[in-house]
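Student: Here is a sequence together with a model predicted from it:
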Amino acid sequence: MRTILFLLQKEFRQIRRNKTILPIIFVLPIIQLLILVHATTFEIKDLNICVVDLDMSNTSQRLIHKLEGSSFFNITSTSFSFKDAERQLAANKADMIVYIPQHFSQNLFKEKQANIQLIPSAINSNVATLAFSYASKVILDFNKNIITELAASFQPTPMKTIDTQSRFWYNSELNYKWYMFPGIMVILITMIGIFLSGLNLVREKEIGTSEQLNVTPIKKHQFIIAKLLPFLIIGLFELLLATLLGKLVYNVPFEGNFWVLVGFTFVYLLVVLGIGLFISTLANTQQQMMFVAFFVVIVFILLSGIFTPTESMPIWVQKFNLINPISYFMKVVRMVMLKGSGFKNLIFEFTALVVYAVSILSLATLQYRKTN
């Protein structure tokens, strides 16, 4: 135990003297949490619309004003030429064309039906899907108003309608920052664990101090514990810092037990530290370690469910996620923070992370070679 304490003192002195690691520990997390939470959003606003109104009736103008009154749309231009609207769509000056044909109003009131054409630019499929969905909802609401007005004109008493009210659990205001913040926090803890622990060990190889330690009476487990424990402490510090920033800056709710999250974070840090240690045993330079770790982390992050729910991914991807530790921890953080889930609701994720931690640390320890 005394040997480990001396090694820990050495590690913390090296971290304090390293001018590269300190900004990564203290500055990078703050910048990442303050910027990326705003940048990683699927909320689409200020969509530019080009309206082709060939009807020019009071009804078509009401529909245009309703679209314009929506917070999602900006009517940037109107035209009587469909080709002109197509040119604007091709030049990226418009995100969608709303085409109102001739006799729209006449067909609506006499034939009881009328057609409107929505032509979104599908270069970005997500933007096109949301633009079409938003516009369809506005048009549906406009259609209901027309039906209500027509019914009222033929009946002495207003027609009764069904009033529906939506209520969303766990994020009632649909604040996307509340959803994204836990995901960014998971990425932060992952990057700290994998990159710093791996780079620290590879740096020892490059400057030659690892060879000096290898010929000392220090045992392998003592060396590995001393290498991982400082970054385990730093990772827990990052969790506390991120939680405070989430509450103070974004007012992200924390419905669950903080110590449950600390326990899961402790186990998860063992996993990512083990991955970083394993990669560092294979690499001879910091550059090699960065390339391999970057590849592994990017794949795991993209498949973790930070942007798209894992349930909507292909079956083979869902099976691959069984070996993706980030997907387990991503689910844990969101469920604890936003839903208030307890340990009994997350037993499967805890078991998976414990098995992963034991396996990867054992593999990394066996892979590390020390000569006495």
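Tutor: It's in.
Student: what's the following helix or strand after the helix-or-strand element of the chain with minimal mean pLDDT?
Tutor: The weakest-scoring helix or strand in the chain, judged by mean pLDDT, DSSP states H and E, is helix 209-214 (a mean of 62). Downstream of helix 209-214, the first helix or strand assigned by DSSP states H and E is helix 220-249.
Student: Which neighbouring elements make contact with the following helix or strand past that following helix?
Tutor: Downstream of helix 220-249, the first helix or strand assigned by DSSP H and E is helix 258-282. Counting contacts by 3 or more CB pairs under 8 Å, 6 or more residues apart in numbering; DSSP states H and E, helix 258-282 packs against helix 176-191, helix 197-207, helix 220-249, helix 286-302, helix 325-334, helix 347-367. Every residue, glycine included, has its C-beta placed from N, CA and C.
Student: which residues touch Met180?
Tutor: 36-37, 40-41, 306 (CB atoms under 8 Å, 6 or more residues apart in numbering).
Student: Tell me how far it lies from Ala39.
Tutor: As judged by CB to CB, to the nearest Å, Met180 and Ala39 stand 9 Å apart.
Student: Outline the domain layout of the protein.
Tutor: When the chain is parsed with automatic domain parsing, its domains come out as 2-41+173-367, 47-154.
Student: between those domains, which gets nearest to Ser166?
Tutor: Nearest of these to Ser166, taken as CB to CB: domain 2-41+173-367 at 9.7 Å.
Student: Arg87: neighbouring residues, count only.
Tutor: Arg87: 14 surrounding residues under other CB atoms under 10 Å.
Student: which of the contacts of Met180 count as buried?
Tutor: With neighbours counted by 16 or more other CB atoms under 10 Å, the contacts of Met180 contain buried members at 36-37, 40, 306.
Student: could I get the domains of the chain as CSV with distance to Arg167?
Tutor: Shown next, in CSV, are these (distance: least, CB to CB, whole Å):
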stretch, distance to Arg167
domain 2-41+173-367, 11
domain 47-154, 18
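Student: Out of the ones you listed, which one sits most buried?
Tutor: Of all the domains of the chain, domain 2-41+173-367 carries the top mean neighbour count, a mean of 17, counting by mean count of other CB atoms under 10 Å.
Student: end-to-end on it?
Tutor: The first and final residues of domain 2-41+173-367 sit 25 Å from each other (CA to CA, to the nearest Å).
Student: so how far is that domain from its chain's centroid?
Tutor: Its chain's C-alpha centre lies 16 Å from the corresponding centre of domain 2-41+173-367 when counted by CA atoms, centre = their mean, to the nearest Å.
Student: which residues sit in contact with the most centrally placed residue in the chain?
Tutor: Compute the mean C-alpha point of the chain, and by CA atoms, centre = their mean the closest residue is Ile306, 3.5 Å away. Applying CB under 8 Å, 6+ apart to Ile306 gives the contacts 40, 180, 183, 186-187, 330.
Student: quick one: least confident of the residues you listed?
Tutor: Lowest pLDDT within the contacts of Ile306 is found at Thr40 (70).
Student: For that one, which non-adjacent residue is closest in space?
Tutor: Nearest residue to Thr40 in three dimensions, chain neighbours excluded: Met180, at 5.2 Å (CB to CB, 6 or more residues apart in numbering).
Student: ok, Asp84 to Met56 distance?
Tutor: As defined by CB to CB, Asp84 lies at a distance of 16 Å from Met56.
Student: what do you get for Asn107?
Tutor: Separation of Asn107 from Met56 (CB to CB): 14 Å.
Student: same question, Phe80
Tutor: 9 Å.
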